[in-house]
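**Student:** can't give you the sequence, but here's the structure:
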């Protein structure tokens, strides 16, 4: 069975961010929280309840989890996304300030994100594709440690990594799960990906690698019947993963907008000095 419904085959070529007009047409989307829904109603009353089909900018109200889902939903539509924090975590969001919103958005700085593309072959032969803006993670499904073969551009680099899991993180996602797993923080314009092990046991001293963005990453689960592994792209989990291919899809892109005083690049830089 070839199940590739989770990743559109339509290729959207990446382009430079479009200039935002002084009075952009806005479309609001909100998470399911009462706070975000109330804010959405207030902003629509003030600025209009535009449709995404007629808008210049999508305004996302919620936390980082909702922002990730918004990025996935909007990828390929060509509209930039401006987020405002109305959730627990807001690294990808701006402050919630309802006044002068069109002017803030017009002055915002763009950050162009390219997602990771994951191709998975499951134990029963099913093929599943998914995208990730933060990271792609492999995690053991049982109490047994995962045994994973790691290859880069067709060459095996680690014949058997024994660990709880493994991460491939983008610069935008390097301050999330990757940082918690003791991976490096990557500047937004670094043109590298982080390959970070989770609780590695063997090789004892391997702590990960920095990879050029063009690297083709090939991962294979060893002993999949005895040591099953799941593969997750952002919030999309694939169980019983046997072969996992990962690459950065440079032909796909979406633009986030940030207030000039706290751009995404500056936030990532500042994160390196947080205690």
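**Tutor:** Okay, I see it. None of the values given here were measured: they were computed from a predicted structure.
**Student:** ok, the nearest residue to residue 248 once chain neighbours are set aside to residue 256 distance?
**Tutor:** Distances taken as Cβ to Cβ, 6 or more residues apart in numbering place residue 213 nearest to residue 248, at 4.8 Å, with adjacent residues excluded. To be clear about C-beta, it is placed using only N, CA and C from the backbone, and glycine gets the same treatment. Applying Cβ to Cβ, to the nearest Å, the value for residue 213 to residue 256 is 18 Å.
**Student:** more neighbours: which of those two?
**Tutor:** Legend: neighbour count by other Cβ atoms under 10 Å for residue 213 and residue 256, higher for residue 256 (26 against 15).
**Student:** after the strand or helix carrying the more buried one comes which helix or strand?
**Tutor:** Using DSSP states H and E, residue 256 sits within strand 254-258. Per DSSP H and E, strand 254-258 leads on to helix 264-271 as the next helix or strand towards the C-terminus.
**Student:** now for that following helix, which elements pack on it?
**Tutor:** In terms of contacts (3 or more Cβ pairs under 8 Å, 6 or more residues apart in numbering; DSSP states H and E), helix 264-271 is packed against strand 254-258.
**Student:** residue 72: what secondary structure?
**Tutor:** Here residue 72 is recorded as helix under DSSP: H, G, I helix; E, B strand; the rest coil.
**Student:** remind me which residues of the stretch 151-275 of the chain are low pLDDT?
**Tutor:** Applying pLDDT under 70 to the stretch 151-275 of the chain flags no residue at all.
**Student:** just the strands in it please.
**Tutor:** 155-163, 165-169, 192-198, 209-212, 217-222, 229-233, 236-238, 241-248, 254-258 (DSSP state E, counting those that start in this stretch).
**Student:** by how many degrees do the longest one and strand 192-198 diverge?
**Tutor:** Put plainly, it is strand 155-163. Between strand 155-163 and strand 192-198, the angle comes out at 40 degrees (axes from the mean of the first three to the mean of the last three Cα atoms, to 10 degrees).
**Student:** longest helix in the chain, please.
**Tutor:** Counting by DSSP state H, the longest helix found in the chain is helix 34-47.
**Student:** any buried residues in that helix, and which?
**Tutor:** 36, 39, 40, 43, 44, 47 (16 or more other Cβ atoms under 10 Å).
**Student:** what are the pairing partners of the very next helix or strand once past that helix, and which direction each?
**Tutor:** Next helix or strand after helix 34-47 toward the C-terminus (DSSP H and E): strand 57-62. Here strand 57-62 is paired, per DSSP bridges, with strand 26-30 (parallel), strand 81-85 (parallel).
**Student:** closest one to residue 267 among these?
**Tutor:** strand 81-85 (12.2 Å; Cβ to Cβ).
**Student:** other residues contacting stretch 88-106?
**Tutor:** With Cβ atoms under 8 Å, 6 or more residues apart in numbering as the test, stretch 88-106 has contacts from 20-24, 26, 39, 42-43, 46-47, 57, 59-65, 67-68, 82-87, 108, 172, 175-176, 256-259, 262, 264, 267.
**Student:** about what we covered before: distance to residue 137 for the strands of the stretch 151-275 of the chain - can I get that in TSV?
**Tutor:** What follows is the strands of the stretch 151-275 of the chain, written out as TSV (distance: least, Cβ to Cβ, whole Å):
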stretch	distance to residue 137
strand 155-163	11
strand 165-169	5
strand 192-198	8
strand 209-212	16
strand 217-222	11
strand 229-233	5
strand 236-238	9
strand 241-248	10
strand 254-258	21
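**Student:** for those, which one sits closest to residue 75?
**Tutor:** Proximity to residue 75 (Cβ to Cβ) singles out strand 254-258 among the strands of the stretch 151-275 of the chain, at 5.1 Å.
**Student:** other SSEs contacting that closest one?
**Tutor:** Using 3+ Cβ pairs under 8 Å, 6+ apart: strand 254-258 touches helix 64-74, strand 81-85, strand 109-113, helix 264-271.
**Student:** mind running it again at 7 Å?
**Tutor:** Contacts defined by 3 or more Cβ pairs under 7 Å, 6 or more residues apart in numbering; DSSP states H and E place strand 254-258 against strand 81-85, strand 109-113.
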